[in-house]
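Asks: Please find the sequence and the predicted model below.
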Amino acid sequence: MKDRLRRTMMFLPGNNPGMLTDAHIYKPDSIMIDLEDAVSINQKDAARMLTFNALKTIDYGDVERVVRINGLDTPYGREDIRAVVTAGVDVIRLPKTDSAQDIIDVDEIITEVEKELGCVGRTLMMAAVETATGVLNAVEIAKASPRMMGIALGAEDYVTNLKTTRSSHGWELFAARSQIVLAARNAGIACFDTVNSNLNDMEQFRTEVQFIKDLGFDGKSVIHPKQISVVNEIYTPTEKEINSAIKVISGAKEAERKGSGVITVDGKMVDGPIIVRAERTLKLAIASGILSEEDIHEL
Ligand SMILES: CC(C)(COP(=O)(O)OP(=O)(O)OC[C@H]1O[C@@H](n2cnc3c(N)ncnc32)[C@H](O)[C@@H]1OP(=O)(O)O)[C@@H](O)C(=O)NCCC(=O)NCCSC(=O)C[C@@](O)(CC(=O)O)C(=O)O
Ligand SMILES: [Mg+2]
């Protein structure tokens, strides 16, 4: 499903049977099984086989299944695509995407396999941009295929390409993060922030998650189950935000019934964009299990 909740997308190495079996138990919105940098060269074939079997046999419930393949400039990329599409993966994540053509090339192979299987269009794609070139081309990358559901930052590779390092304040990522959010919104797809590899400083992690949410990201890649609850908590609307959104939506409905345009709620003017934001808050509240669809219909 192209448009769904993806607050937390948890990476796990594709050659780790224990993590492949248990990852969904921690309830990330998506798991991202990695065949790329978390898997050493001599494990590539074994990881692909394990991942194929996991996708075929494990019931991950409503947790989305993403696989990060190796690039087509490696000996593994084409085989990765064939295996995971055949196994019925939900989303293919292309790492180190530098151009729209990179996406088109992967799309063509997916289509080739889907034609053989009789399921053309089933597999979604997302791109990770991890170089200055990728960030500069993000606008075109995000629009490169109708399969594209999102675009993400890969910060460890990106700072290496930039000849810098990651800091706790994150200013080295600011231009890339902004560009990715803009490219995603321009293309009408989602955007996801990068991993934070420091598992010892959860306060810094929390600050980072709040920051990227404020920038406009839909969610974040995580590497460990303990990061999931922090991201979900920050992406879950507060009681105050939900109550305010309910007032806006019921006020807007009342105004519509009366045929009036602009309304005020708690002394503040409410118009189009505020209503859209309130709708998004309520959608997040439903996705987080705080409200039900019926609650909204009753407004
Ligand atoms: C870091 C560590 C080894 C620590 O493991 P440890 O086992 O020491 O941790 P413990 O605390 O002991 O785990 C307690 C229990 O949780 C289980 N558990 C832990 N993690 C789990 C997990 N992820 N999935 C399911 N289960 C998990 C574990 O199995 C245990 O289960 P149990 O034994 O039953 O108690 C582990 O987390 C891990 O491997 N993480 C994923 C690493 C990875 O995939 N990296 C590649 C993607 S990034 C990249 O490439 C950079 C990038 O490309 C990114 C971009 O593009 O954004 C860029 O450029 O920036
Ligand atoms: Mg990377």
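Replies: Now that the structure is in, tell me what you want to look at. Residues are numbered from 1 along each chain as shown. Ligands and ions are numbered 1, 2, ... in the order given.

Asks: Smallest gap between the stretch 151-299 of the chain and ligand 1, at which residue?
Replies: Nearest to ligand 1 in the stretch 151-299 of the chain, going by C-beta to the nearest ligand atom, is residue 154, at a distance of 2.9 Å. (C-beta placed from N, C-alpha, C; glycine too.)

Asks: Run through the strands of the stretch 51-200 of the chain in chain order.
Replies: Listed in chain order, the strands of the stretch 51-200 of the chain (DSSP state E, counting those that start in this stretch) span 64-68, 91-94, 124-129, 148-153, 190-193.

Asks: and these as a markdown table, adding distance to residue 260 and mean neighbour count?
Replies: Formatted as a markdown table, those follow (distance: least, C-beta to C-beta, whole Å; neighbours: other C-beta atoms under 10 Å):
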| stretch | distance to residue 260 | mean neighbour count |
| --- | --- | --- |
| strand 64-68 | 42 | 24 |
| strand 91-94 | 44 | 25 |
| strand 124-129 | 42 | 27 |
| strand 148-153 | 38 | 27 |
| strand 190-193 | 35 | 25 |
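
Asks: wait, what's in contact with the nearest residue to the residue of the stretch 151-299 of the chain closest to ligand 1 once chain neighbours are set aside?
Replies: Of all residues not flanking residue 154 in the chain, residue 130 sits nearest, at 3.5 Å (C-beta to C-beta, 6 or more residues apart in numbering). Going by C-beta atoms under 8 Å, 6 or more residues apart in numbering, residue 130 touches 95, 96, 97, 153, 154, 155, 156, 157, 158, 161.

Asks: Try it again at 10 Å.
Replies: Residues near residue 130 by C-beta atoms under 10 Å, 6 or more residues apart in numbering: 37, 95-98, 152-161, 176, 194.

Asks: what about burial for those, which qualify?
Replies: Buried subset of those (neighbour count, 16 or more other C-beta atoms under 10 Å): 37, 95-98, 152-155, 157-159, 161, 176, 194.

Asks: In those, find the pair that's most separated.
Replies: 37 and 176 (18.3 Å; C-beta to C-beta).

Asks: In contact with residue 189, which residues?
Replies: So residue 189 contacts 2-3, 124-127, 142-143, 148-151, 183, 218 (C-beta under 10 Å, 6+ apart).

Asks: if we go to 7 Å?
Replies: Counting by C-beta atoms under 7 Å, 6 or more residues apart in numbering, residue 189 touches 142, 148, 149, 150, 151.

Asks: now swap in residue 227 and tell me
Replies: Contacts of residue 227 by C-beta under 7 Å, 6+ apart are residue 205.

Asks: Let's see the pLDDT reported for it.
Replies: For residue 227, the model assigns a pLDDT of 98.

Asks: How about the residues of the stretch 51-200 of the chain by ligand 2?
Replies: Neighbours of ligand 2 within the stretch 51-200 of the chain, by C-beta under 5 Å from the ion: 130, 154, 157.

Asks: Check the chain and tell me which residue is nearest its centre.
Replies: Nearest to the geometric centre of the chain sits residue 192, at 4.5 Å (C-alpha atoms, centre = their mean).

Asks: Which strand residues bridge that one?
Replies: Beta-bridge partners recorded for residue 192 (DSSP bridges): residue 152, residue 219.

Asks: can I assume it is in contact with residue 220?
Replies: Yes. Using C-beta atoms under 7 Å, residue 192 is in contact with residue 220, at 6.2 Å.

Asks: can you give me the helices for the stretch 151-299 of the chain?
Replies: 155-162, 174-187, 202-215, 228-235, 239-258, 272-287, 293-297 (DSSP state H, counting those that start in this stretch).
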